[in-house]
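> Take this sequence and fold it.
(2 chains)
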Amino acid sequence: MSVAATIRIQEADFDVAQEIAALSRGRTDVGAVVSFSGICRGNEQGEPIAALTLEHYPGMAEAEIGRHADEALSRWPLQGLTIIHRFGRIPPGENIVLVVTASAHRLAAFEAAEFLMDYLKTNAPFWKREESARGTSWIEARDHDDAAAARWTKS
Amino acid sequence: MKLKYFAWVRERIGKAEETIEPPAEVRTVGDLIGWLAARDDAYAYAFEKPKVIRAAIDQSHVKQDAAISGAREIAFFPPMTGG
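Presented below is the predicted three-dimensional model:
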């Protein structure tokens, strides 16, 4: 595959518009760019939260996201792919994750972005802890995220 | 081999990593969980629901029946909640 994915695991925030522009700037072969931004909500199951803190497994986070990026590039005709995942303390309103896919046509871009997000949720080694007035607690994994990822398994 | 722990598994055990030499009869990831859980109360608490625990060998996800021979790094952690 000739398209290389850009994968960044970082503590700093990022500029969504800049990342989207970077995949299509100066090109005429890209007809569709899809982006998904995951943003920290100010409440979790009805309770206000002060921040999320994301722990990650350095090394494996890059490797695991890289494996899913390679699979996306082999399953869909993408012209570009950027995945950014933050770690550390993230207050409400700030970005957590970004997936940007570029393709000649929209279907590949939409599907690849959805596939990647479903797998990031269940397979990328990150763990969210919420801070609220009650203290801190680890957020539990949700069954519907597993079901979403299972949709993409080839039978 | 090096062991790494993340999220509440790390908190319950009280350390992020350690180096261990399990006995030869500990052959799989599941065996290793059982062996660690028998060490003391902190490990027993971390591994009290072994089916919930996820594992990786050398930074790739594995199931609990995976063999541990030749592994350099084994990690234990709860189901992931990133994205």
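> Output stretch B:36-48 in PDB with nothing but the alpha carbons.
Extracted in PDB, the C-alpha atoms of stretch B:36-48 (Å, rounded to 0.1, in the frame of the first residue of the first chain):
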ATOM      1  CA  LEU B  36      -0.200 -14.100  40.500                       C
ATOM      2  CA  ALA B  37      -3.600 -14.100  42.300                       C
ATOM      3  CA  ALA B  38      -2.200 -16.600  44.800                       C
ATOM      4  CA  ARG B  39       0.700 -14.300  45.800                       C
ATOM      5  CA  ASP B  40      -1.100 -12.000  48.200                       C
ATOM      6  CA  ASP B  41      -4.300 -10.100  48.900                       C
ATOM      7  CA  ALA B  42      -3.400  -7.200  46.500                       C
ATOM      8  CA  TYR B  43      -2.900  -9.600  43.500                       C
ATOM      9  CA  ALA B  44      -6.000 -11.600  44.600                       C
ATOM     10  CA  TYR B  45      -8.100  -8.400  44.500                       C
ATOM     11  CA  ALA B  46      -6.700  -7.300  41.100                       C
ATOM     12  CA  PHE B  47      -7.500 -10.700  39.600                       C
ATOM     13  CA  GLU B  48     -10.700 -11.500  41.500                       C
END
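> For A:A133, list the residues it contacts.
Applying C-beta atoms under 8 Å, 6 or more residues apart in numbering or on different chains, we find A:A133 in contact with A:48, A:50. No exception for glycine: its C-beta is placed from N, CA and C like everyone else's.
> B:S69 and chain A, how far apart?
B:S69 sits 20 Å away from chain A, going by C-beta to the nearest C-beta, to the nearest Å.
> Measure how buried that residue is and give me the count.
Residues near B:S69, counting by other C-beta atoms under 10 Å in any protein chain shown, number 9.
> Identify the residues contacting the residue lying closest to it once chain neighbours are set aside.
Nearest residue to B:S69, sequence neighbours excluded (C-beta to C-beta, 6 or more residues apart in numbering or on different chains): B:R27, at 7.2 Å. By C-beta under 8 Å, 6+ apart, the contact set of B:R27 is B:67-69.
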